[in-house]
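Visitor: I'd like to go over a predicted model; first the sequence, then the structure.
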Amino acid sequence: MLRLSSYLQHTPAQLLEACSRFSVGFEQISKWTPSEWPHLIIQGIAGPMAAIAACTVTNPMDVIKTRVQVGDKSISDTFRQLLREEGAWGFTKGLTARILSTAPTALALVVGYETLKKISLKEEFVATRHW
């Protein structure tokens with residue numbers, strides 16, 4: 001049986017990261033950077049920023065999931081205990097490690113994907129693309 005805590009670990013992060021990278025992040029960074037910067041640089045900045053946002057938003061769920069897995073309490077009991085014993089900062093446990101592992105991975109994925117996409121484009125369509 002699929003446990004709610006396992007489901008919460010991956011799906012929200014993936015959705016948030018995809019939405020951030022390809023809409024808000026890229027558009028905002030495009031406005032803040034010099035117009036002569038190539039799109040690959042902007043996408044290389046947007047990818048890790050999206051990953052950091054996804055980690056920050058989903059980390060509390062990951063902390064609770066981990067504690068539910070090692071303990072014998074429900075999600076709500078674990079949430080209340082964590083808040084009572086460690087306060088709001090308890091939900092940030094492990095956040096630095098997640099960011100330090102996820103941001104470089106996001107950078108490599110975005111730059112690799114965009115580079116491969118550009119290399120794979122048929123010659124007849126190269127002039128129609130704005131990179």
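Guide: Arrived safely.
Visitor: tell me which element Val57 falls in.
Guide: For Val57, the host element (DSSP states H and E) is helix 39-70.
Visitor: restrict whichever helix or strand comes after that helix to CA atoms and write it as CSV.
Guide: Tracing the chain past helix 39-70, the next element assigned as helix or strand by DSSP H and E is helix 75-86. Output for helix 75-86, consisting of C-alpha atoms alone and laid out as CSV, is shown next (Å, rounded to 0.1, in the frame of the first residue of the first chain):
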residue,chain,number,x,y,z
ILE,A,75,1.5,12.2,10.5
SER,A,76,-0.6,14.6,12.6
ASP,A,77,0.9,13.4,15.8
THR,A,78,4.4,13.7,14.4
PHE,A,79,3.7,17.2,13.1
ARG,A,80,2.4,18.4,16.5
GLN,A,81,5.3,16.8,18.4
LEU,A,82,7.9,18.4,16.0
LEU,A,83,6.3,21.8,16.3
ARG,A,84,6.0,21.6,20.1
GLU,A,85,9.5,20.3,20.7
GLU,A,86,11.6,22.1,18.1
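Visitor: report the angle between helix 75-86 and helix 39-70.
Guide: Between helix 75-86 and helix 39-70, the angle comes out at 100 degrees (axes from the mean of the first three to the mean of the last three Cα atoms, to 10 degrees).
Visitor: helices and strands around the following helix or strand past helix 75-86, which ones?
Guide: Sequence-wise, the next helix or strand downstream of helix 75-86 (DSSP H and E) is helix 95-120. Using 3 or more Cβ pairs under 8 Å, 6 or more residues apart in numbering; DSSP states H and E as the contact test, the elements touching helix 95-120 are helix 39-70. No exception for glycine: its C-beta is placed from N, CA and C like everyone else's.
Visitor: before we move on, back to that, and the helix holding Val57, what other elements does it pack with?
Guide: The helices and strands touching helix 39-70, judged by 3+ Cβ pairs under 8 Å, 6+ apart, are helix 4-19, helix 26-32, helix 75-86, helix 95-120.
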